[in-house]
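Novice: this one's sequence-less:
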Ligand SMILES: C[S@@+](CC[C@H](N)C(=O)[O-])C[C@H]1O[C@@H](n2cnc3c(N)ncnc32)[C@H](O)[C@@H]1O
């Protein structure tokens, strides 16, 4: 592989290319680089940077000097080298993007890559539009220039080269290679600051060690990077393993202590459509149970009669449809307390209870958002979402509950989801897999 490195500071790269694995790769003629110093193309007595047109802070690298740099590179090749610009506004670098760039460089560009590292306020947009095949960001922050981003990109790309790492297996177990992060590793001494190496790793039982490593990586991935995991192509087996690690979740639909149009708290009526639809959503997203909560006897009778129909064993066997399975874990209870006790009995642990509301105020001391799975999962307790009916859960009940979830919102001011839609959106935001294609 060959790297043409367009930069204002070529000296930064001399150390980078003269140490460790990168140095060895150069010595073994696997890679090489040509620094292109932008200053070499600056007319004597002229400034290298240009003011931003339209009057804004800072200076830019302009199109004329960038063009000269690229011409000096291009004259050495028939094909255009794969060209990478760096910008905090670009596509955030990840393993999938690295692989795409690596494969493209090999396949379409004779393994030649040109990197362009900007400085100041950046570069004229037209140069990027004209030359860049990829504009890459190394994360949502702003560094002083594109040189460190370029080095991060090159180092990470070289890990993908089949012969550059000493042990070509080690990259295969890296984080992000499979659908997991790498597992925890330890080296002797066994005891250090009262921490010891997990005994299974010293057992010599390779099957058990493999199992431990898999569970350790999966748990770490689910708890630390659920945002990343849910974007991968997850197999049915992986889903099953994840379900064993993620604490059990339940949902309750509250018809007691909800706000009525009169402005007072009271009871609302049950809706059979809600029971059908929330049961199906709950089952789809792997919740362990759905509780319809009403203390009104007549309403309870309606729900019980309905559930009895769907819970009958022989009906499950008939091929009506999968709704039997959806409703298998749907129950009717009189009070929220009964639900909490039921979960406690099943799970042998108190559930973490989370209320939901469509109100935008943040007046609860424990607000959680849809990115806070880890905050709860790490406590290794079951989770119960409580959804309200009518005009929402009464402030009295809200106050008593440990956590409150931020409201579901779209980009519209109007916010009036039905509770069954809200349940589906909530489950999807919390658990939904959003596989990239
Ligand atoms: C100070 S930055 C310019 C930031 C630009 N004004 C903005 O706010 O988007 C100068 C140069 O550093 C590089 N750079 C800074 N942060 C980066 C990041 N997160 N990823 C990739 N390159 C970055 C880019 O080459 C950028 O043009």
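Specialist: Yep, it's here. No experiment lies behind these values; they were computed from the predicted model shown.
Novice: and residue 437, how far is that from the ligand?
Specialist: Shown here: residue 437 relative to the ligand, a distance of 26 Å by C-beta to the nearest ligand atom, to the nearest Å. Every residue, glycine included, has its C-beta placed from N, CA and C.
Novice: Near that residue, how many other residues are there?
Specialist: Burial of residue 437, expressed as a neighbour count using other C-beta atoms under 10 Å, amounts to 3.
Novice: Determine the longest helix present in this structure.
Specialist: helix 206-224 (DSSP state H).
Novice: residues in contact with the residue of the chain found nearest the ligand?
Specialist: Of all residues in the chain, the one sitting closest to the ligand is residue 146 (2.9 Å; C-beta to the nearest ligand atom). Contacts were defined as C-beta atoms under 8 Å, 6 or more residues apart in numbering; by that measure residue 146 touches 7, 85-87, 115-119.
Novice: Same question for residue 35.
Specialist: Contact analysis of residue 35 by C-beta under 8 Å, 6+ apart lists 5, 7, 10, 13-14.
Novice: which SS class is it?
Specialist: Local secondary structure at residue 35 is given as strand here, using DSSP: H, G, I helix; E, B strand; the rest coil.
Novice: do residue 73 as well
Specialist: Following three-state DSSP, we place residue 73 in the helix state.
Novice: hang on, isn't it packed against residue 114?
Specialist: Yes: using C-beta atoms under 8 Å, residue 73 is in contact with residue 114, at 5.5 Å.
Novice: so what sits against both of these two?
Specialist: 4, 6, 81.
Novice: Apart from its chain neighbours, what residue comes closest to the last one?
Specialist: If the residues on either side of it in the chain are set aside, residue 81 comes closest to residue 112, at 4.0 Å by C-beta to C-beta, 6 or more residues apart in numbering.
Novice: nearest residue to residue 269 other than its sequence neighbours?
Specialist: Nearest in space to residue 269, with sequence neighbours left out and distances taken as C-beta to C-beta, 6+ apart, is residue 299 at 6.2 Å.
Novice: Name the secondary structure element that contains the one you found.
Specialist: Taking DSSP states H and E as the criterion, residue 299 maps to helix 297-311.
Novice: what about that helix, average pLDDT?
Specialist: For helix 297-311, the mean pLDDT works out to 94.
Novice: same check, this time on stretch 22-38
Specialist: This predicted structure assigns stretch 22-38 an average pLDDT of 95.
Novice: Please identify the buried residues of that stretch?
Specialist: Burial within stretch 22-38, assessed by neighbour count using 16 or more other C-beta atoms under 10 Å, is assigned to 22, 25, 31, 33, 35-38.
Novice: go on, stretch 363-383?
Specialist: When neighbours are counted by 16+ other C-beta under 10 Å, the buried residues of stretch 363-383 are found to be 364, 368, 372-373, 376-377, 381-383.
Novice: Most neighbours of all the contacts of residue 35, which one?
Specialist: Note: the member of the contacts of residue 35 with the most neighbours is residue 5, at 25 neighbours, neighbours being other C-beta under 10 Å.
Novice: my guess is residue 50 meets residue 66, correct?
Specialist: No: contact criterion C-beta under 8 Å: residue 50 and residue 66 do not qualify, at 10.6 Å.
Novice: between those two, which one's more packed in?
Specialist: Between residue 50 and residue 66, counted using other C-beta under 10 Å, the more crowded position is residue 66 (24 against 17).
Novice: circling back to that earlier point, who touches the helix holding residue 299?
Specialist: Surrounding helix 297-311, the residues in contact under the criterion C-beta under 8 Å, 6+ apart are 255, 267, 269-270, 272, 275, 292, 294, 315, 323-324, 327-328, 330-332, 334.
Novice: low-confidence ranges in this protein?
Specialist: By pLDDT under 70, the low-scoring segments of the chain are 167-170, 313-321.
Novice: Name the single longest strand found in it.
Specialist: With residue count as the measure and DSSP state E as the assignment, the chain has strand 82-92 as its longest strand.
Novice: so what strands line up beside that one?
Specialist: Based on DSSP bridges, the pairing partners of strand 82-92 within the sheet are strand 112-116 (parallel), strand 134-137 (parallel).
Novice: in the last one, what's buried?
Specialist: Residues of strand 134-137 classed as buried: 134-137 (neighbour count, 16+ other C-beta under 10 Å).
Novice: Residue 226: neighbouring residues, count only.
Specialist: Here the neighbour count serves as a burial measure; for residue 226 (other C-beta under 10 Å) it reads 18.
Novice: how close does it get to residue 288?
Specialist: Relative to residue 288, residue 226 is positioned 18 Å away (criterion: C-beta to C-beta, to the nearest Å).
Novice: Any of the contacts of helix 297-311 buried? List them.
Specialist: 255, 267, 270, 275, 292, 294, 324, 327, 330-332.
Novice: residue nearest the centroid of the chain?
Specialist: By C-alpha atoms, centre = their mean, the mean C-alpha position of the chain lies nearest to residue 227, the distance being 1.6 Å.
Novice: shared neighbours of residue 50 and residue 66, anything?
Specialist: In terms of C-beta under 8 Å, 6+ apart, residue 50 and residue 66 are both contacted by the residues residue 124.
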